[in-house]
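Student: have a look; sequence and predicted model below, questions after that.
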Amino acid sequence: MKRKHPLRRILIGVATTTSAVVLLLALKQPGTTVTGASAQTGSGVPPAAAAGNGAGAADGQTVLGDATDTQYGPVQVRLTLAGGKITAAEAVKAPSGDARSKQIAADAIPRLNQAAVAAQSADIDAVSGATYTSEGYIKSLQSAIDKAGSAGAEDSGTGGTAGAGGDGSGADAGAGADAGADAGTENPGSDAGSASGSGSGSGTGAPKTVLGDVASTQYGDVQVRITVSGGRITAAEAVEAPSGDARSKQIAADAVPRLNQAAVAAQSGAIDAVSGASYTSEGYIESLQSAIDKAGL
């Protein structure tokens, strides 16, 4: 009995020690797990916060253009921009003085919105039958683009695009089938300013616009503006055309688009006059040639 008693104590001691070790290991394991979870949670918060900041930076920027008064009511355009591009355009104000004006705006505005996003500039055509609404839309659109550029939201390339877009706005209103020459007459000053901004602010190789001299004709003035890129004429438009009476407006509306196409195709002022629009054609060609000379082509 005396020999077995020390052995029993040894066995009990070993068992106790083993139990203690197991217990310690068991207690240590959950502690390690909690610490690891805390570390993961702590490290996970900053990425989540960073993601939130990134999303905020990527959110679209909205810019409200100036309200433009037209004969039938004001037009005001709001743009949404993201990543240096126009992602949406909408008219927050449109002519609504009577049922007819509302109907015209309802038909024209969606088309103008789509055109603005597609062109990424104000260089869009007037909607046939909605001359005044289109003219007001284009002016407000250009002011929104200018504001977006001056705010530094876009890079220099986008600023150049905005400037180039502004140069086209008056021309499209002036040369559109229904716009007549009076729309173009209102825009030469702002268009010339836009052209200057485009030339000075755009990057190397960016399109530049050149405004020809005003050519007087028996039925009114004609003034042509060309867009030049890579040493070639990429666009031509009349910012002024005869508009003394309804007949003159109709002749100009028919002839000017054909003259624009001919100028781009010929890459010179050597184009044919449009039959039935001799005076308008002569004035157009004269102003076109002066623009070409100024551009050094």
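Tutor: Nice, thanks for sending it over.

Student: just the strands in the stretch 101-250 of the chain please.
Tutor: Counting by DSSP state E, counting those that start in this stretch, the stretch 101-250 of the chain forms strands over residues 208-211, 215-217, 220-229, 232-240, given from the N-terminal end onward.

Student: quick one: mean pLDDT for the second one?
Tutor: It stands for strand 215-217. Per-residue pLDDT values across strand 215-217 average out to 93.

Student: now do stretch 14-24
Tutor: For stretch 14-24, the per-residue pLDDT values average out at 74.

Student: the helices in the protein, which residues?
Tutor: Secondary structure of the chain (DSSP state H): helices located at 4-58, 99-119, 131-150, 156-175, 180-186, 188-201, 246-266, 278-295.

Student: pLDDT value on residue 277, please?
Tutor: On pLDDT, residue 277 comes in at 92.

Student: spit out the contact partners of it.
Tutor: If a contact means Cβ atoms under 8 Å, 6 or more residues apart in numbering, then residue 277 has 251, 252, 254, 255 as its contacts. C-betas here are computed from N, CA, C, even on glycine.

Student: now rank these by neighbours and give me the top one.
Tutor: In terms of neighbour count, residue 252 stands highest of these at 31 neighbours, by other Cβ atoms under 10 Å.

Student: the residue lying closest to that residue once chain neighbours are set aside and residue 229: what is the separation?
Tutor: Excluding its sequence neighbours, the residue lying closest to residue 252 (Cβ to Cβ, 6 or more residues apart in numbering) is residue 241, at 3.9 Å. Counting by Cβ to Cβ, to the nearest Å, the separation of residue 241 from residue 229 is 24 Å.

Student: what about those two, which has more around it?
Tutor: Neighbour count, other Cβ under 10 Å: between residue 241 and residue 229, residue 241 has more, with 34 against 14.

Student: what's that one sitting at in phi/psi?
Tutor: Backbone dihedrals for residue 241, given as degrees, to the nearest 10, come out at phi -150, psi 160.

Student: isn't it right up against residue 224?
Tutor: No - counting by Cβ atoms under 8 Å, residue 224 is not a contact partner of residue 241; they are 9.5 Å apart.

Student: which neighbours do the two share?
Tutor: Residues touching both residue 241 and residue 224 comprise residue 284, with contact defined as Cβ under 8 Å, 6+ apart.

Student: do you know the pLDDT at residue 149?
Tutor: Taken from the predicted model, the pLDDT recorded for residue 149 is 82.

Student: please apply the same query to residue 60.
Tutor: pLDDT, read off for residue 60, is 76.

Student: quick thing: my sequence starts at 793, can you match it?
Tutor: Sure thing, new numbering starts at 793, so read that last one as residue 852.
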